[in-house]
Every structure is written in C-alpha cells, then in structure tokens.
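Trainee: everything below, folded, please.
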Amino acid sequence: MSIFIKDKRATPPLAIGHAATGATGAIGAIGAIGRPVDIESLKYHSQPLAAPLRPSAAARIVPQADPGAKPGPNSQIRELQHAVLASSTWVQPLRQQFARVIVGQQGLIDRLMIGLLANGHILLEGVPGLAKTLSLKTLAGATSASFQRVQFTPDMLPADIVGTMVYDPRNGAFHTKRGPIFANLILADEINRAPAKVQSALLEAMQERQVTLGTETHALPDPFLVMATQNPIDQEGTYPLPEAQVDRFMLKVVIGYPNRHDERAILDAMGTSAPQLAVAPVVTAEQILAAREVVNQVYVDDKVKDYIVDLVLATRDPAPYGIDLNGYVQCGASPRATIYLTLASRAAAFLQGRGYVTPQDVKDMALDVLRHRVTVSYEAEAEDITPERVVQQILQQLPVP
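Mentor: Residues are numbered from 1 along each chain as shown. Purely as a prediction, here's the structure:
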C-alpha cells in the first residue's frame, strides 16, 4: 500500500525509517517532496490521531560521505543516525505490547513514549472510558521498572503520597516511612480530585526528583515519570490544578473518541468479562536511560532553535511577530516550554529513526507542550477562544524556517 502525492517525477517508492518488516496497526505517512511512500517499509512510525508526527521523506535521505572530505555536520548526523537505530531496538516491541491491549490511540502512545524518552511528566485529559489509565498501566507493565498507582481522593493527605516520619515508642526515635512516590513510574489517577495541598506534594518530586521528609532529603529512582489523568467534564468534587503544578508537566495530551473502525475493534477485544490485558516487559530501565543519552545528542539546527524560541515568545507578546490575537493572551508560556519543546522534538525525531530535528517535529509537539502553559483572557473566554486555538493561530502565522 502506498500514498501518492502530486509529483511529476517518476521515482520508486521511498522508504521512511528502518528497512524492516512488520508494521503494527494502521499507519499513514506523508512524503515531503511528492513521492510515493511505501507504507509496508515503515517499522514503527505510526501516525498519532491528535497531532501527527509527520516524517519528511526528503529529510530522511542522509547524503553519502565523501572519503576525502573532512568530518562535518553531515558525518556527525550519520553517526547519530546509527546511534539512534542501535538504541531504539526496543521501540517496536514496546509498540507491539501496546497493540495487544490498546486499540488505536496512536497519538497517546507516541506521547507516552516521548515522555519516557525526554524525562518529562505527562498529563492526560479526556472523558471517561478512553483507556487513559489502561494506557499508563500498559506502559508500566511493558517496562521492567517499579510502578505505583495512586488514586487521588478529596480526603487524601500529602503524607499519603510522599511518606512521613513515624515515631517508634520502643526506642523513642522517628524513622522514615516512604510513600508510593518512590517508584519509577507513578500513575496519579484523577489528580484533580485531591485538594491543592495534596497536589502540591508532587512539586518537589516532579521538578527536583527528590522528596524531603523532616530534615532528610531522599532521591527518587531514575527513571522517574509521573503520569496523571483528569476528567475535563466532571466538576463535582474536583479541584483545578495549581499553575505551578501544571507547568511541571511536559505534555498535556487531550484524548478524543475513537473512530468507528477502532470502536468495533474495541468491541471485539473487550466485549468479555475477562479481557486479555497482560503484557510482557520488553525494555529495561537501563535501556531507557541509554536511549535518553542518545536523545540528548539529537542534532538541532540553529534555525530550528530560533524557531522554537520565537514560538514561545509569540505566546507572550505576539505583536512583534505580526500576529494579532486581539488581547486574547493573558499569560504566555514559561521558559520551561522552550526546554520541553526542544526535548520533545528530539524524542519525536528519535522515534522516527532520525538523528536531527526538523521544523515539522517542533510543530507536531508544540500544541501538547504549550496548550496548558498559555492562559487566555476573560475576553477570549467570553468569545470561546481556547488556548489551543491561540497556539494553532501562532503556528499558522509564524514563518517556518
């Protein structure tokens, strides 16, 4: 199966990514220079539902080296390309484990893997029944890492998460009782059901990767990733997340309803009282940490860096960029957005088997990185202007390098 884009040149199908067999799920691709893209040649580069990671066919062609030439950027990119291929062998098996349990939701799966690779926390938002909790549990089950689930409730205390100091009457001393936060993967289920003082207990853990109990500071295990879920429509007994808490999430992923084909597949797989939800561990914590080292080395050109900075600055003051938002922005994105957008773009390039970032990677990740960091004004709320619409307008009007 191939997707043909208008191009008068007669060229053979261009394979994107690894030349391997076995594609999982329905996969789509878009060629950047109008050539037919051979879908069967894709190894694991599936298209998310919400914000597609669209690999550039032209960009995936790495120039051949000149034996007499001095080492330059191209040779560095080729070395990074080999490093990416060598350290991403676990990605396809992990996708296969997801496919055993999760139907569709490729955008969600991509974002979970990006958060894992970029060492960033993830906030999932969607109506009930869209496999938010199941996706996170599947990720935890497919990794050889410790996992703890915390069900947030209105009567929780901070000590229920981070732990506390317990007095021992036998020796008259206090000893530390660690909470469930001391694990590699933390599922904070329905995080907006706990009051602000409980949500704030995660601030130090999410930012500094440590917890202070009494006078002692305890380091958290590495990797450490908080994945939280919240329901956007249920307002009874819920508490909005503090701005400082929201800003510590690298990505906010909004999940929509499945299409008809996926809905039927869900019926076939889950229409029983005993669905098969077991997955096998296919990646270790050491492999994830090694992959992170490669992600940190993925090349980002200076023009792409400037584009990232311009995107973030445009959320704060769009006028210098010729973007008229009519005073809809009350508060723009913080410097964390610049850092996280760069990391997420690098991880997206890694998942597509590339050792360098393209502007399309940045655009694909911008909405998930910026939507929860942009605060709209009262005038925007009155006109039903959401932060997503503001970010999308900036992406449409800001020139792409």
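Trainee: could you use CA atoms for every contact and neighbour count after this?
Mentor: OK.
Trainee: what is the subsequent helix or strand relative to the helix or strand containing residue 79?
Mentor: Assigned by DSSP states H and E, residue 79 belongs to helix 73-87. Using DSSP H and E, the helix or strand that follows helix 73-87 towards the C-terminus is helix 91-101.
Trainee: buried residues in that next one, which are they?
Mentor: For helix 91-101, the neighbour count (16 or more other Cα atoms under 10 Å) marks 91-99, 101 as buried.
Trainee: can you report phi and psi for residue 306?
Mentor: Torsion angles at residue 306 (phi, psi; degrees, to the nearest 10) stand at phi -60, psi -40.
Trainee: on that earlier part again, which strands and helices lie in contact with the helix holding residue 79?
Mentor: Packed against helix 73-87 by the contact rule (3 or more Cα pairs under 8 Å, 6 or more residues apart in numbering; DSSP states H and E) you find helix 285-297.
Trainee: any buried residues in the helix it packs on, and which?
Mentor: Neighbour counts using 16+ other Cα under 10 Å place 285, 287-289, 291-292, 294-295 of helix 285-297 among the buried residues.
Trainee: below-threshold pLDDT in the stretch 51-200 of the chain: ranges please.
Mentor: 51-73 (pLDDT under 70).
Trainee: need the helices for it, in chain order.
Mentor: Remark: helices assigned in the stretch 51-200 of the chain by DSSP state H, counting those that start in this stretch are 73-87, 91-101, 106-118, 132-141, 159-162, 196-199.
Trainee: just those: most buried one?
Mentor: Stretch with highest mean neighbour count among the helices of the stretch 51-200 of the chain: helix 106-118 (a mean of 23; mean count of other Cα atoms under 10 Å).
Trainee: and the angle from that helix to helix 132-141?
Mentor: Angle between the axes of helix 106-118 and helix 132-141 is 40 degrees (criterion: axes from the mean of the first three to the mean of the last three Cα atoms, to 10 degrees).
Trainee: does anything pack onto helix 106-118? Which helices or strands?
Mentor: Judged by 3+ Cα pairs under 8 Å, 6+ apart, helix 106-118 is in contact with strand 121-125, helix 132-141, strand 249-254, helix 285-297, helix 335-351.
Trainee: to residue 230, which of these lies closest?
Mentor: Smallest distance to residue 230 across the helices and strands packed on helix 106-118 (Cα to Cα): 5.1 Å, for strand 121-125.
Trainee: quick one: the closest one to strand 249-254, angle?
Mentor: Per the same axes, to 10 degrees, the angle that strand 121-125 makes with strand 249-254 is 20 degrees.
Trainee: so what are the sheet partners of strand 121-125 and their directions?
Mentor: Within its sheet, strand 121-125 is paired with strand 225-230 (parallel), strand 249-254 (parallel), according to DSSP bridges.
Trainee: residues contacting that strand, please?
Mentor: Outside strand 121-125, the residues that touch it by Cα atoms under 8 Å, 6 or more residues apart in numbering are 112, 115, 132, 206, 225-232, 248-255.
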